[in-house]
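> Need a 3D model of the sequence below.
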Amino acid sequence: MVPIEHYIIFSSLLLVIGLVIVLIKRSVIMILAGVELILNAANINLIAFSQNDPNLSGQMMTLFVIVVAVAESAVALAIVYQIFRHQGVSDMDQLNELKG
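As a prediction, this is how the structure comes out:
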């Protein structure tokens, strides 16, 4: 059995990598990938701490986070697609106004 410290260290690394991607990258797709890494870090923590929970509430919260992440990705990618179609940019620095 893997100690819980290994899960925490791994999820912390995912969180830091996700934050760095969100703060440094300018592409909207990369920012969404960074947000997904942050959500996966939270999922790993929920699963790690639910090993000692007989009610499986950690697994249920993880499923909820996954559903929210999928919905967030679908909506965000649809918005990015529409912005790219209308303005021709996917770079956050070049995107300065949201007019139809």
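
> contacts, neighbours, all on C-alpha from now
Noted.

> Just the C-alphas of stretch 71-80, formatted as CSV.
Extracted in CSV, the C-alpha atoms of stretch 71-80 (Å, rounded to 0.1, in the frame of the first residue of the first chain):
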residue,chain,number,x,y,z
ALA,A,71,-18.7,20.6,-18.3
GLU,A,72,-16.2,23.4,-17.8
SER,A,73,-14.0,22.1,-20.7
ALA,A,74,-16.9,21.7,-23.1
VAL,A,75,-18.2,25.3,-22.4
ALA,A,76,-14.8,26.8,-22.5
LEU,A,77,-13.8,25.1,-25.7
ALA,A,78,-17.1,26.2,-27.3
ILE,A,79,-16.4,29.8,-26.3
VAL,A,80,-12.8,29.6,-27.5
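
> Next, the buried residues of it.
73, 80 (16 or more other C-alpha atoms under 10 Å).

> how much distance is there from it to the middle of the chain?
Centroid separation for stretch 71-80 versus its chain: 12 Å, with C-alpha atoms, centre = their mean, to the nearest Å.

> One more: stretch 29-49?
With C-alpha atoms, centre = their mean, you get 5 Å for stretch 29-49.

> Could you shift the numbering so residue one becomes 25, and keep it that way?
In the new count, where the first residue is 25, that last one comes out as stretch 53-73.

> Give the buried residues for that stretch.
53, 55-72.

> Repeat that for stretch 44-54.
Taking 16+ other C-alpha under 10 Å as the criterion, stretch 44-54 shows 45-46, 51-53 as buried.

> Which ones among the buried residues of stretch 53-73 map onto helices?
53, 55-72 (DSSP state H).

> Give me the residue at the spatial middle of the chain.
Central residue of the chain (C-alpha atoms, centre = their mean): E60, 1.8 Å from the mean position.

> Hmm, that one is touching A93, no?
Yes: at 6.9 Å, E60 and A93 qualify as touching, with contact defined as C-alpha atoms under 8 Å.

> quick one: buried residues of stretch 73-88?
Here stretch 73-88 shows 74, 82-83, 85-86 as buried, counting by 16+ other C-alpha under 10 Å.

> show me what contacts I55?
Residues in contact with I55 (C-alpha atoms under 8 Å, 6 or more residues apart in numbering) are 45-46, 49.
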